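Asks: Have a look; sequence and predicted model below, questions after that.
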Number of protein chains: 2
Amino acid sequence: MDNKENLQNKRIGIIGAGPSGLAQIRAFEALKERGENIPEIVCFEKQSNWGGMWNYSWRTGVGKYGEPIHGSMYKYLWSNGPKECLEFSDYSFDDHFEKAISSYPPRPVLFDYIEGRIKKSNAREYIRFDTTVRWVSYDEDTRKFTIVLDDLKINKTYSEEFDYLVVASGHFSTPNMPYFKGIETFSGNVMHAHDFRGADQFKDRNILLIGSSYSAEDIGIQCYKHGAASVTLSYRSNPIGHDWPQGIKEVPLVTHFDGDTAFFKDGTSEDYDAVIMCTGYQHKFPFLPDELRLKTKNNLYPDNLYKGIFYNNLPQLIYLGMQDQYYTFNMFDTQAWLARDFMMERLELPSEGERRVDIDTWLDRNSKLQSSFDDVDFQTYYIKDLLSFTDYPHFNLDKIAAMFKEWLQDKEENILTYRDKTYQSVVTGTMAEAHHTDWMDELDDSKERYLYGAEEEELIPE
Amino acid sequence: MDNKENLQNKRIGIIGAGPSGLAQIRAFEALKERGENIPEIVCFEKQSNWGGMWNYSWRTGVGKYGEPIHGSMYKYLWSNGPKECLEFSDYSFDDHFEKAISSYPPRPVLFDYIEGRIKKSNAREYIRFDTTVRWVSYDEDTRKFTIVLDDLKINKTYSEEFDYLVVASGHFSTPNMPYFKGIETFSGNVMHAHDFRGADQFKDRNILLIGSSYSAEDIGIQCYKHGAASVTLSYRSNPIGHDWPQGIKEVPLVTHFDGDTAFFKDGTSEDYDAVIMCTGYQHKFPFLPDELRLKTKNNLYPDNLYKGIFYNNLPQLIYLGMQDQYYTFNMFDTQAWLARDFMMERLELPSEGERRVDIDTWLDRNSKLQSSFDDVDFQTYYIKDLLSFTDYPHFNLDKIAAMFKEWLQDKEENILTYRDKTYQSVVTGTMAEAHHTDWMDELDDSKERYLYGAEEEELIPE
């Protein structure tokens, strides 16, 4: 049996058809297009459609089949980083839209772009939608994973065996929601950012957001934009520190609640109509035995993952996209390409001990990062390292790193206007167009409005 | 090896420490108190405390460990049936409170009562809290269940074997949430009754409740009581039909939404601030292979359960409390006592075929029920049947059935005052006291206020 036949008998299971899972499929499809034989691939997606976090649902809590809702996506979400920093190097924005667009598109536009690439292949055939993974076990003797699956549509369970398991289920789906004394006496809505579906219901309300990361920043300015009476951000260690407009302010951490009044560490207190906890997410893999679970907080280099993806104790178990993220789609791609080459038996991994040394080197570097700029450089360097092993189309990472730094400065300069800036593609050299409407004035996030906005309104008769 | 030794080697797994799971533990403890040997019992509870649905949490969505929230309990929930209809026959309200109380206590008082009985034993020692069941498999050869468990506190999985499995995980935890066209354009809060935590946030708001069962009725009047501007109940087939006060009304089913406007089957439409879907729950057992799953809608006699509890294809698998419920705690008790006697090998079941015939007889009777009174009689008759097999202290079921019918009439007479009525205990003969405050005027549901309310306020110096 030659190697190619052997490969064809291998089976690869992918959990999740979001950006990471789709990148993995796309990586194999790229080989197939070149006439190469690839193993059997099955991707399990618990939602009814692909796109992962970008597949917006109005639902909160659990979905129609009673499974925890995956998405944390909300209405009117616009990219919070330049699209030029996440562009696929094998499928540019120009390829997809055939015209220049702005640097900060809204969710439907980015969803369209993700889908555009994957629709060009037969990826859909690999994916079993409405299918959730209940339990995974690994047999040391056969070296195979047994996956217990649940077909939610027909309420039917079954098992299948795989040689490789790619976990691409994301890590912004399971809320981390701390308890604050007295919160149970707060009479208004108390929710996690995961369940936030849009700012409309907070019009004219005084809202308290607990947290100081992207969710707090973005939900805060969205509520401000859509008419909240006031927005208070409560931070644990350090404020975000932007030059906030009148109507948004930062205060130290909540100590406790008494009814609708929140008390803060600086001794102040205030009444609120709603509390949104922007307190982060848990890396949660309930379907894996704990010895195979990635156990980590959100950071740039989770421990126990060689090259950020291979589970060190068992590298046939691959995790994609588990890092805290400056880079997104293009990082998932480079990871998926590397994972593919390992599964194609083109890439041999060093010994477990050597892998451990490599991981430790990265962890050491990570521990020394001191600023956001350092963080950007670290992740840039990480992706460069991955790229050096694969044939994923190279792209100018130094230019992207520079864009990230400019973006950080744009936000500091003016958090309400940074999305009006434009950047240049490193893939095509195209300069982004300014959006037809300033972001603060743009209340419609539909694809139609975004792409054809101004004209269309004039063309459609009343 | 005599039978008693054999029993001691058996292991019983119970999923859930709510009223049904606790009833099962209590049933075995009752034997133990009499000096009998009982098998090893392990109860798995994913929450941090017992009480199941009665264990109120301010959380919605997922809990602190990222598991779907079990409870559908809300602030200010008062029993919606007379407590005399659910009294334990081996632990009366008099035993617990040592004085007469009203017929409709609030949640904290009922929780205290449930806990009171179970605290008298060593039940807590059998329960592993913060532990969720990930997967169950059954081995035909060894006739044992293997249960994969996840200790949420320490993020650790492990497996154990059991001879019997008692599923007492309830069926009012997984929302059934249908899609209505345009709901994604509704800008206010859209939630399922499962995530409703209290009426306060709906003060002065116009709210739409979809559904016509207990959740809709009770959340509707609670919002009315706590100051909602208006409450609209939208029914699928038939209205609840009470003589609603000004401010509550019933309309036919929603056809679609357009922004904040709901359109109804009768051609009318109206704007709302929030939508609460009181659209029921799914019987959901994600931890079981589908051939062991009870697949049923909510009804008085789910198919495939002999005597309403023994899974017909595999009677070592026992489901408690899976019926739609007039009777609650006392029905769970009679079920648990019968299950216990089977597991103690004191009760032999007929053949699978004979069991099937018995089930069919009950299903046939169930299909002929025409009114709420018929339903009450059916469930009364069912419990009588169970009681005839066990030594659970008998109680006057005919009197309880009569109380249920009176209760139905009380509600029809006046939905706002039915909770001010009083009933007589069939266990002790004690007549309930009228509550010190009319239900509509009582905005405090604490145990202290309930038990000592009026006096205490005078006693405590300012």
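Replies: Noted; the coordinates are in hand. Numbers count the residues shown, from 1 in each chain, chains lettered A, B, ... in the order given.
Asks: List the buried residues of stretch A:120-133.
Replies: Buried residues in stretch A:120-133, counted by 16 or more other Cβ atoms under 10 Å in any protein chain shown: A:S121, A:A123, A:Y126, A:I127, A:F129, A:D130, A:T131, A:T132, A:V133. Backbone N, C-alpha and C define where each C-beta goes, glycine included.
Asks: any idea which of those residues is closest to chain B?
Replies: Nearest to chain B among the buried residues of stretch A:120-133, counting by Cβ to the nearest Cβ, is A:T132 at 8.0 Å.
Asks: got a list of what that closest one touches?
Replies: A:T132 makes contact with A:F44, A:K46, A:E67, A:L149, A:D150, A:L152, B:P286, according to Cβ atoms under 8 Å, 6 or more residues apart in numbering or on different chains.
Asks: Quick one, which of these are buried?
Replies: Buried subset of the contacts of A:T132 (neighbour count, 16+ other Cβ under 10 Å): A:F44, A:K46, A:E67, A:L149, A:D150, A:L152, B:P286.
Asks: CSV for the residues you listed, including distance to B:L31 and pLDDT?
Replies: Converted to CSV, those look like this (distance: Cβ to Cβ, whole Å; pLDDT from 0 to 100):
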residue, distance to B:L31, pLDDT
A:F44, 46, 98
A:K46, 44, 97
A:E67, 39, 95
A:L149, 41, 98
A:D150, 38, 98
A:L152, 41, 98
B:P286, 32, 98
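Asks: From those, which land in strands?
Replies: Counted as lying in strands by DSSP state E, out of those, are A:F44, A:L149, A:D150.
Asks: out of those, who's nearest chain B?
Replies: Chain B has its nearest neighbour among those in A:D150, at 6.8 Å by Cβ to the nearest Cβ.
Asks: Return the set of buried residues in the host helix or strand of A:E354.
Replies: According to DSSP states H and E, A:E354 maps onto helix A:352-367. Across helix A:352-367, burial judged by 16+ other Cβ under 10 Å covers A:R355, A:D358, A:I359, A:W362, A:R365, A:N366.
Asks: Quick one: residues contacting A:N80.
Replies: With contacts defined as Cβ under 8 Å, 6+ apart, A:N80 is in contact with A:Y104, A:Y214, A:E217, A:D218, A:R419.
Asks: now do 6 Å
Replies: Going by Cβ atoms under 6 Å, 6 or more residues apart in numbering or on different chains, A:N80 touches A:D218.
Asks: A:H70 too?
Replies: Counting by Cβ under 6 Å, 6+ apart, A:H70 has contacts A:Q47, A:S173.
Asks: That one sits in which helix or strand?
Replies: Under DSSP H and E, no helix or strand contains A:H70.
Asks: What pLDDT does the model give it?
Replies: At A:H70, the pLDDT value in this model is 95.
Asks: Likewise for A:N6?
Replies: On pLDDT, A:N6 comes in at 74.
Asks: Can I get the buried residues of stretch A:120-133 in CSV including secondary structure?
Replies: Below are those laid out as CSV (DSSP: H, G, I helix; E, B strand; the rest coil):
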residue, secondary structure
A:S121, coil
A:A123, helix
A:Y126, helix
A:I127, strand
A:F129, coil
A:D130, coil
A:T131, strand
A:T132, strand
A:V133, strand
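Asks: now, which of the residues you listed sits nearest B:F373?
Replies: Set against B:F373, the nearest of the buried residues of stretch A:120-133 by Cβ to Cβ is A:D130 (41.4 Å).
Asks: ok, which stretches of the stretch 201-350 of chain A are helices?
Replies: Ranges of helices in the stretch 201-350 of chain A, per DSSP state H, counting those that start in this stretch, are A:214-225, A:329-343.
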